[in-house]
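Asks: show me how the following folds:
(2 chains)
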Protein chains: 2
Amino acid sequence: ASPAANDPMWGYFTAIAGQDGEVDADELQRCLTQSGFSGNYTPFSLDTCRIMIAMLDRDYTGKMGFNEFKELFAALNGWKQNFMMFDHDRSGTVEPHEMNQAINAMGYRVSPNALNIIIKRYSKGGRICFDDYVACCVKLRSLTDHFKRRDTMQQGTATFQYDDFIQCAMSI
Amino acid sequence: ASPAANDPMWGYFTAIAGQDGEVDADELQRCLTQSGFSGNYTPFSLDTCRIMIAMLDRDYTGKMGFNEFKELFAALNGWKQNFMMFDHDRSGTVEPHEMNQAINAMGYRVSPNALNIIIKRYSKGGRICFDDYVACCVKLRSLTDHFKRRDTMQQGTATFQYDDFIQCAMSI
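Replies: Take a look at the predicted model:
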């Protein structure tokens, strides 16, 4: 038996993954919708599911294995709790100034300019819905990981070759 | 009269822009849908409209003035012609290997790895539709512009501060 066979999530994963044993964006969207993960919030768009996979897809196959699947669920649960903490009026959206607090609470330090850019990009009608909030979290995490891996001196500065820059920023 | 008043697109722009005299993502989506720009292709998603604006939004207001509006239409016309050239079977989608040719035809030089990442990110069911194709073009153009502005020695290498990197990559 696979070492994962004792894991309570293994059966769930294999049912979703189907024949190829990996989860792609369509399968992930279906699973997150059917499991009711988003609750009363709008379900995740296919686009957000694609970047969730890209965030963890270290071998660039466009699919997730079991370990990545578990890692994603851990991240999603954290982001959902974080979102609910700031969605004070239970409207399913957060306001721009709450987005500011949420990003700080996740440990990212960005300038007011960067915050403004993020809010412009992810808000609709002046508010940020759960799907866009998670898309934003995925991108922030992924970009920060890419950056840190190249900021070897931990000076807050990283040098990129053009092709490497395109790979980092186009993947998500 | 405004110097733009003699421009045939000026009346069109002011009608779309409304009271504030600028075009936001909702207005842009409505205008591109109503004008039939996408023809038989699927209309542009709001997400793609948001990054179209972000590409040209140098003052980070989330809106476009008249000059940016004209610049966007010029770019869109180019991308549409390019797309139609590669959509040989008039299916409204291009295949991954056609995407390769299209990106080369636009003058971008990216590695097979980067191409693979781009195709994974922008394809649905193994094909790339017009909306995602344009989203990909917007991001490639925007990221390449950001990179070149920082690659002052034109050596194909650029150094970013963390916050600057986040601003470049999160805006689109």
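
Asks: what angle separates the longest strand along chain A from strand B:157-161?
Replies: In chain A, ranked by residue count with DSSP state E as the criterion, the top strand is strand A:157-161. Note on geometry: by axes from the mean of the first three to the mean of the last three Cα atoms, to 10 degrees, strand A:157-161 and strand B:157-161 are set 150 degrees apart in direction.

Asks: other residues contacting strand A:157-161?
Replies: A:147, A:150-151, A:168, B:147, B:156-162, B:165 (Cβ atoms under 8 Å, 6 or more residues apart in numbering or on different chains). Heads up, the C-betas are built off the backbone N, CA and C, glycines and all.

Asks: within the sheet, what are the partner strands of that strand, with directions?
Replies: Here strand A:157-161 has these sheet partners by DSSP bridges: strand B:157-161 (antiparallel).

Asks: what residues of the strand it pairs with count as buried?
Replies: Buried residues in strand B:157-161, defined by neighbour count with 16 or more other Cβ atoms under 10 Å in any protein chain shown: B:Thr157, B:Ala158, B:Phe160, B:Gln161.

Asks: what sits against the residue nearest the centre of chain A?
Replies: What sits nearest the mean C-alpha location of chain A, by Cα atoms, centre = their mean, is A:Val138, with 2.8 Å. Shown in contact with A:Val138 (Cβ under 8 Å, 6+ apart): A:Thr48, A:Ile51, A:Met52, A:Met55, A:Ile172.

Asks: can you tell me which of the residues you listed has the most neighbours?
Replies: Counting neighbours by other Cβ atoms under 10 Å in any protein chain shown, A:Met52 comes out on top of the contacts of A:Val138 with 27 neighbours.

Asks: mind checking which helix or strand it is in?
Replies: Assigned by DSSP states H and E, A:Met52 belongs to helix A:46-56.

Asks: helix B:46-56 and that helix, what's the angle between them?
Replies: Computed by the same axes, to 10 degrees, the angle between helix A:46-56 and helix B:46-56 is 60 degrees.

Asks: return the list of helices and strands in contact with helix A:46-56.
Replies: helix A:25-34, helix A:66-86, helix A:130-150, helix B:112-122 (3 or more Cβ pairs under 8 Å, 6 or more residues apart in numbering or on different chains; DSSP states H and E).

Asks: now those helices as a markdown table including mean pLDDT?
Replies: Below are the helices and strands packed on helix A:46-56 laid out as a markdown table (pLDDT from 0 to 100):
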| stretch | mean pLDDT |
| --- | --- |
| helix A:25-34 | 92 |
| helix A:66-86 | 93 |
| helix A:130-150 | 96 |
| helix B:112-122 | 93 |
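
Asks: in TSV, list these along with distance to B:Met85.
Replies: Compiled in TSV, the helices and strands packed on helix A:46-56 are given as follows (distance: least, Cβ to Cβ, whole Å):
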stretch	distance to B:Met85
helix A:25-34	28
helix A:66-86	37
helix A:130-150	31
helix B:112-122	18
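
Asks: between those, which one is closest to B:Gly36.
Replies: Checking the helices and strands packed on helix A:46-56 against B:Gly36 by Cβ to Cβ gives helix B:112-122 as the closest, at 23.5 Å.

Asks: buried residues of the closest one, list them for me.
Replies: In helix B:112-122, residues buried by neighbour count (16+ other Cβ under 10 Å) are B:Ala114, B:Leu115, B:Asn116, B:Ile117, B:Ile118, B:Ile119, B:Lys120, B:Arg121, B:Tyr122.

Asks: sweet, I'm off.
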